[in-house]
Structure formats: C-alpha cells, structure tokens
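Chemist: sequence unknown, structure follows:
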C-alpha cells in the first residue's frame, strides 16, 4: 500500500491487487467502501470515494479517499490493510472457492473488450483502444453473450405465439396463453333455428353457476349477459352432455360432445320478410293496427324529372312511362269513396330545380276539389336545387273528395321537379297496411352494396310490427320494423346470400348499406330481415340438431379445470335433488 498526502490529509491510496499472502482481490477491491490501515502512529479508517485501475501500474488499484485525517501517517508502505466489505483468503478445497484454488483469474473472452467508463459515463476513456481492438479483454464466459439459451432470456427475448387462447403454437407445440373458464350451465332444451337461420341450434339456459356453486341469475342483467358471453366465447369449443339422448324417442347422441359456439348470449329475432317457408315467398306483407279504421294507404312517386310548361300554367304531378313521356295516372289524384273514419294528412316532398340565371318562385298547392288546403311558395336561387315539403295537417274528408298536387313556377320550362318527388298520406288512427313485394327493395347503388325501400314500406318504419303471413313457418315478429347496423338480410332463402348491414339512413325512404356487393342474379324482393338480440338465456351453436325434442343437459366450455366434470356432476345432482332443475 502507498499513500499520497495533501494539505487536508491522505487523498489517494494505491493498493496492489494481490496481497503478500498471494490472495488475488481483483474482483473484490472495486467494491470496497472503507479501508482500515494500521500505521506506526495511529489506526486510520479511510472512506473510499472512487476506485480506478492504477494508471501507472495495471496490477494495482488507485483509490480516491475522503480526506478526514489532517495528520500524515507514518510507517511502512506495506502496512496492514483491512477492506470493508471483507476480503478473505483462498479457502482452498472449500465450497466458497469455485475454482478449488487451481486458478487465480478467469478465462478472458477474446471476442469482447473492456469498456472503461470510470472517468466518464458518456465517452469511454479507452475508446481509441476499443476502436483499434486493442483494449483489455474481460474475464467472462463469452457464451453468456453469444448462446441463445442465455441471450434470449437476458437480452434479446423470444417469441412464443399461437392464433388464440388455449391454442398450441405451431412452432413449439405448447400453448402460450392458457385460460380455464369458470362457469357451466344447465339448459332445458335445444332447438333448430330454422327457418330464421339455417343449420344452427339454439339452447335455452336454465341455470348458470361456477364450480363453487355460485349462481348467476339469468335475468338479462348486464352481469348475466356478460358472464355468458365471456364464458362461452363466440367460435370457442364447448361440450354438450344431454341428460338422456334417447328419452324422447329420437336418437340425439350426435348432439353430445364437442361443438362450437356461433353466438353466445343472443337469440334470433325475425323483423320483416316476404319469405313464408324455405324458398317460398308471399306477394305482400301486412302490418296490423289496433284501430278498427279503414286503410287509406296511398303513395305516388315521380320516376323522372318533370319540367314546368313555358306558359307556367297549372301542372299535375305525374310519372314517366318507359319511353320517357309524361303520363298522368289515377294514383296522382286521391278520391275518397266514403266519409273517412280517420283523420288524413297528405304530404308532398320534392326537390325543386331552377336552371335560370336568376332566382325564381315555385308555388306548390295541395287541393281538395280544386280548393287549396295547403300552399307554400319558395324562392329557389339561380341554377340551384332546393328541398321542399308540404303537409295538409290531419283532417277528415267526405265521400267524393279528391285531393291532388298542383305546382307553379315563374321559371317556366327551365324550372322542374326532380325525380323521386313523393305524394302520399298518413292517417290517425292507422289501420292494417299492406305492403306489396314488387319494388319493396330496389338497387341503384354505384357499388352494388345498397338497397332502397319503397315509399310504402318506409311509411311503416319504426311504428309497425309485421303481421304473420298466411302459412308462415317463421316466428311471429315482435319488434317494430327498423333496420340497425349489424342486422342481416337473407335473400332467396339462401344463407350464402346473407348480407350484414353496415349503415342505414331514413330520408323519406330507407337506405341500407351492406358489407359487400349484392349479385345482380339475387332477387332482393325475396328476403327476410333478422337481428341478433341480447339474451343471457340463449346460446346459438354451430351444429345441426336432429329433428325432434330433446331432454335438458349440461353445456360447459371445453377449457375448464381437470376436476371440472366431477364437480359439475356433484352440483347437478344437488340441483336435481332440490328440484331446481
């Protein structure tokens, strides 16, 4: 040991890495915090601030000391030194001597170099030597930086993946993520979903519990609905066990075993359609009313633009025939054959177009027996279009009354009413409304992925429930006719022609957009509209049940704890004993 003294006491101490007794402390000295030295004049304790390899002697360490002793020490340069933490002897043939005293230093890694950051954490002091590959080599096992078994878990990481939970990796054959479901259910029956949905089976849950016997009431609350959905995940595998596959006289063994979930926590709701039985269709659909009133349904639509005559005289709203010539039909005038037993509101909706370079007035009248009962004048800016709406308000009409629309414009022949103008009525109270299949949906989308309802069908939108058609095998509709995103249209009775609704708007008529284009060979008038309604008691399975009734049974996720079957059997036995199932 050698010390360097300054005015405030010892500032630096140099210690050889190997003691006179032959103990090599190259690994221990860099961790020393305090050294104790027995000098001739005193016993000093020095707190270490910094330790570096001695720049003058590579076999020694150079220690920077906390200057606390103002009196210089006296004595030999080989005074005894005690290091804290303690550095012991060689421990020959001891469990603490991994090398059993046969080596004094570790093997050097030829492919790595020591980076000296003692003076700077940013720039190594031996950077030039590193660049020239002449820096000192470290004592370490190079395999810890090169072998994948070490580098993957320490530095690089490794990827272990599969396509889904509880699915084996194709690379390793192991399951990266395992998840055991906690709940099973007892169902009261299983039924085919035909004709609303082909080739599927729905089970009606009666009791839902975990393996500890904690019941979740199937009351369509959020917790019951979410529990069913999360426990019986869509597309996951489940196991069915019927109480008795042959008890009803039909062999239902094919329903037992592993099946796949189609939709959990959902049932199928029939909303609307012209299909009565598989592949058979009716010519019209009816919407009943609770009121015993006459059905005054009426709707007329222009199929082409209609220009005003040059003289700006009275003009009747009509429609165009196949050759484009204007024709006036009896639908353009509504004549009452008897006094009405309901109040009627006539409506006219149109887009007015002014092709002149100046603004012009457009006047629309709804007349009863030639007398205006509703009238409005609007100014349409030059070379512009403007939406227009006129209503008569609800009123009673007498036998023989005839109602029509008349239009005037100072724009003359350069003024027009665009195609799609609608003249119709609504009544209160309403009666049964018959909607004809012809034209009930039409296409016209440039991309072929949308349909438009008829004005007659649109008139019952959101307010009427379809009445069951004669001879229909479908469940009775229970929800008013609306279209929601996620609903499905099936055309021509084929599941292959099923389209999911991605957007819907109601502006006069109902405009529906699908997830893909509709083939031109598909008859869109032959359709049903169905909806998956949240129901915690229902699970739809992607399997075909044999025809006939079933007993109840157990439905459980495939992925459950190993002892699940034993626990489930015990719980079900208790439920039967107490009469719950």
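Modeler: That came through, no problem. Keep in mind that this is a model prediction, so the values were computed, not measured.
Chemist: A helix includes residue 572, no?
Modeler: Yes: applying DSSP: H, G, I helix; E, B strand; the rest coil, one finds residue 572 inside a helix.
Chemist: Tell me, how many residues neighbour it?
Modeler: 21 (other CB atoms under 10 Å). Just so you know, the C-beta spots here come from the backbone N, C-alpha and C atoms, and that holds for glycine as well.
Chemist: contacting residues for it?
Modeler: Contacts of residue 572 were listed using CB atoms under 8 Å, 6 or more residues apart in numbering, and they are 186, 554, 581.
Chemist: From residue 580, how far off is residue 571?
Modeler: Residue 571 sits 10 Å away from residue 580, going by CB to CB, to the nearest Å.
Chemist: Tell me the secondary structure at residue 400.
Modeler: Look at residue 400: counting by three-state DSSP, its state is coil.
Chemist: That one and residue 336 touch, don't they?
Modeler: Yes: Residue 400 is within contact range of residue 336, at 6.7 Å (criterion: CB atoms under 8 Å).
Chemist: So for those two, which sits in the more crowded spot?
Modeler: A direct count of neighbours by other CB under 10 Å for residue 400 and residue 336 places residue 336 higher, at 18 against 11.
Chemist: pLDDT value on the more buried one, please?
Modeler: Looking at residue 336, its pLDDT is 90.
Chemist: List the contacts of it.
Modeler: Contacts here follow CB under 8 Å, 6+ apart; on that basis residue 336 touches 296, 397, 398, 399, 400, 401, 402.
Chemist: show me where pLDDT drops low in the protein?
Modeler: Low-confidence segments of the chain (pLDDT under 70): 1-8, 20-21, 40-41, 70-80, 84-106, 158, 179-180, 290-291, 309-332, 444-447.
Chemist: mind listing the helices in it by residue range?
Modeler: Secondary structure of the chain, counting by DSSP state H: helices at 127-131, 143-146, 148-151, 222-231, 455-458, 564-577.
Chemist: Which one of these lies nearest to residue 107?
Modeler: With CB to CB as the criterion, residue 107 lies closest to helix 143-146 of the helices of the chain, at 10.9 Å.
Chemist: That closest one packs against which elements?
Modeler: helix 148-151 (3 or more CB pairs under 8 Å, 6 or more residues apart in numbering; DSSP states H and E).
Chemist: and the helix it packs on, which residues are buried?
Modeler: Buried residues in helix 148-151, counted by 16 or more other CB atoms under 10 Å: none are found.
Chemist: on that earlier part again, export the contacts of residue 572 as a markdown table, with columns for distance to residue 121.
Modeler: As requested, these are exported to a markdown table (distance: CB to CB, whole Å):
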| residue | distance to residue 121 |
| --- | --- |
| 186 | 67 |
| 554 | 65 |
| 581 | 71 |
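Chemist: Most neighbours out of those residues, which is it?
Modeler: Counting neighbours by other CB under 10 Å, residue 186 leads the contacts of residue 572 with 23 neighbours.
Chemist: I figured that one hits residue 556, correct?
Modeler: No: if you go by CB under 8 Å, residue 186 and residue 556 don't touch, sitting 9.8 Å apart.
Chemist: so what's in contact with those two at the same time?
Modeler: Counting by CB under 8 Å, 6+ apart, nothing touches both residue 186 and residue 556.
Chemist: re earlier: which one (most neighbours) among the contacts of residue 336?
Modeler: Counting neighbours by other CB under 10 Å, the top entry in the contacts of residue 336 is residue 397, with 23 neighbours.
Chemist: quick one on the thing from earlier: which two among the contacts of residue 336 are spaced furthest apart?
Modeler: Farthest pair in those (CB to CB) is 296 and 400. Separation: 14.6 Å.
Chemist: related to what we said a few turns ago, of the helices of the chain, which is nearest residue 199?
Modeler: Closest of the helices of the chain to residue 199 is helix 222-231, at 22.1 Å (criterion: CB to CB).
Chemist: Against residue 453, how distant is residue 439?
Modeler: Taken as CB to CB, the span from residue 439 to residue 453 is 9 Å.
Chemist: more neighbours, the two?
Modeler: Remark: of residue 439 and residue 453, residue 453 carries more neighbours, 23 against 15, as counted by other CB under 10 Å.
Chemist: Identify the residues contacting that one.
Modeler: Residues counted as contacts of residue 453 (CB under 8 Å, 6+ apart) are 440, 441, 461, 509, 510, 511, 512.
Chemist: among those residues, which ones are buried?
Modeler: Using 16+ other CB under 10 Å, the buried members of the contacts of residue 453 are 440, 441, 509, 510, 511, 512.
Chemist: quick check: longest strand of this structure.
Modeler: In terms of residue count, the longest strand belonging to the chain (DSSP state E) is strand 257-273.
Chemist: Quick one: list the elements packing against it.
Modeler: By 3+ CB pairs under 8 Å, 6+ apart, strand 257-273 packs against helix 222-231, strand 237-242, strand 527-541.
Chemist: Run me through the strand neighbours of it, direction for each.
Modeler: strand 237-242 (antiparallel), strand 527-541 (antiparallel) (DSSP bridges).
Chemist: can you state the direction angle for it and helix 222-231?
Modeler: Put simply, strand 257-273 runs at 130 degrees to helix 222-231, going by axes from the mean of the first three to the mean of the last three CA atoms, to 10 degrees.
Chemist: Give me the buried positions along strand 257-273.
Modeler: Residues of strand 257-273 classed as buried under the neighbour-count rule (16+ other CB under 10 Å) are 259, 261-273.
Chemist: do stretch 378-397 as well
Modeler: Of the residues in stretch 378-397, 380, 388, 390, 392, 397 count as buried by neighbour count, 16+ other CB under 10 Å.
Chemist: ends of that stretch, how far apart?
Modeler: The straight-line separation of the ends of stretch 378-397 (CA to CA, to the nearest Å) is 28 Å.
Chemist: Quick one: distance of that stretch to the chain centre.
Modeler: Distance of stretch 378-397 from its chain centroid, counting by CA atoms, centre = their mean, to the nearest Å, is 43 Å.
Chemist: for stretch 44-63, same thing?
Modeler: Taking mean C-alpha positions (CA atoms, centre = their mean), stretch 44-63 and its chain are 63 Å apart.
Chemist: outside of it, which residues touch it?
Modeler: Contacts for stretch 44-63 (CB under 8 Å, 6+ apart): 10, 12-18, 29-30, 32-37, 64-66, 68-69, 73, 116, 118-119.
Chemist: Now which of these would you call buried?
Modeler: 10, 12-17, 29, 32, 35, 37, 65, 69, 73, 116.
Chemist: Having no further points to raise, I will conclude here.
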